Each structure stands twice: as C-alpha cells, then as structure tokens.
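In: quick one, structure for this:
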Amino acid sequence: MGFLVHYARGVFGKKLKRFAELMDVQYSDWDLTNAKKRAASCSDQGKVNISWRLIMASDFVIDGVIVHELAHLRHLNHSKDFYAEIEKYLPDYTERRNLMAKEYFTLQCEGWL
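Out: Numbers count the residues shown, from 1 in each chain. The predicted model follows:
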C-alpha cells in the first residue's frame, strides 16, 4: 500500500493544482486520508482531504471528485449553484457520479473499502 499512497500523493497533487488554476480557486492545503467511506472532503478553511483509496478509481471519476471538492471553495453546500459551478468545468458530471457509485461497489467487493 505504501506505493499506492505515494503514487496517489503525486497524482492528486497535480490534479488539484491543474483544476484549481482552471477554476480560479485557491485551497489552503491538502492531504491524504485513509478514509474508506468518503472519497474526499473540503473544510470551510479551504483544506482538501482526499482518501488515498481514490487512486484505484478511473481518472474520469478522480477528476469529478477533485472538481467537486474545489467547487466547495465557492459553495460550501450542495445547492443548484454548487452543481452549476461543477458543470461549468465538467458538463458530464452526472455520468461521473454514476460511474463513481459503480466503481465504489467494485472496490467494496474487492475488499479495498
């Protein structure tokens, strides 16, 4: 698992930086967690936490999770405005959410979650 954690740190760091620049938002810090139930979270202080386990998801899903968390830097809720913010950058976000549910089930069956 050490390799996956190290790999996740590099992948997520690059994706956070790229999408934050694209979305013109700034996060205060970010870190990896060992969470099994929550892929990621964002605090009201702007810290993004991402479970290293998300690295086992497809890039399609990882990008959706990262944009979701960065959108919380503008909207700390799940309002219509929040989802409109996400869809500015990922018009296929609903498809990504559906795929995440399928991938989550697969990871559970494989014993990762």
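In: what is the helix or strand bottoming out on mean pLDDT in the chain packed up against?
Out: Every helix and strand of the chain was ranked by mean pLDDT, DSSP states H and E. The lowest is helix 93-109, at a mean of 84. Counting contacts by 3 or more Cβ pairs under 8 Å, 6 or more residues apart in numbering; DSSP states H and E, helix 93-109 is packed against helix 59-71, helix 80-89. Just so you know, the C-beta spots here come from the backbone N, C-alpha and C atoms, and that holds for glycine as well.
In: adding mean pLDDT, write those helices out as JSON lines.
Out: Conversion of these to JSON lines gives the following (pLDDT from 0 to 100):
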{"stretch": "helix 59-71", "mean pLDDT": "95"}
{"stretch": "helix 80-89", "mean pLDDT": "97"}
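In: highest average neighbour count across these?
Out: Highest mean neighbour count of those: helix 59-71, a mean of 21 (counted as mean count of other Cβ atoms under 10 Å).
In: quick one: that one to helix 93-109, angle?
Out: Angle of helix 59-71 versus helix 93-109, following axes from the mean of the first three to the mean of the last three Cα atoms, to 10 degrees, is 110 degrees.
In: tilt between helix 59-71 and helix 80-89?
Out: Between helix 59-71 and helix 80-89, the angle comes out at 130 degrees (the same axes, to 10 degrees).
In: I'd like the numbering to begin with 32 instead of 1 from here.
Out: OK, 32 is where the count begins now, so the last one is helix 90-102.
In: how about residues contacting helix 90-102?
Out: For helix 90-102, contacts defined as Cβ atoms under 8 Å, 6 or more residues apart in numbering pick out 42-43, 46-47, 50-51, 54, 56, 58, 70-73, 79, 81, 85-86, 88, 113, 116-117, 120-121, 124, 127-128, 130-131, 134.
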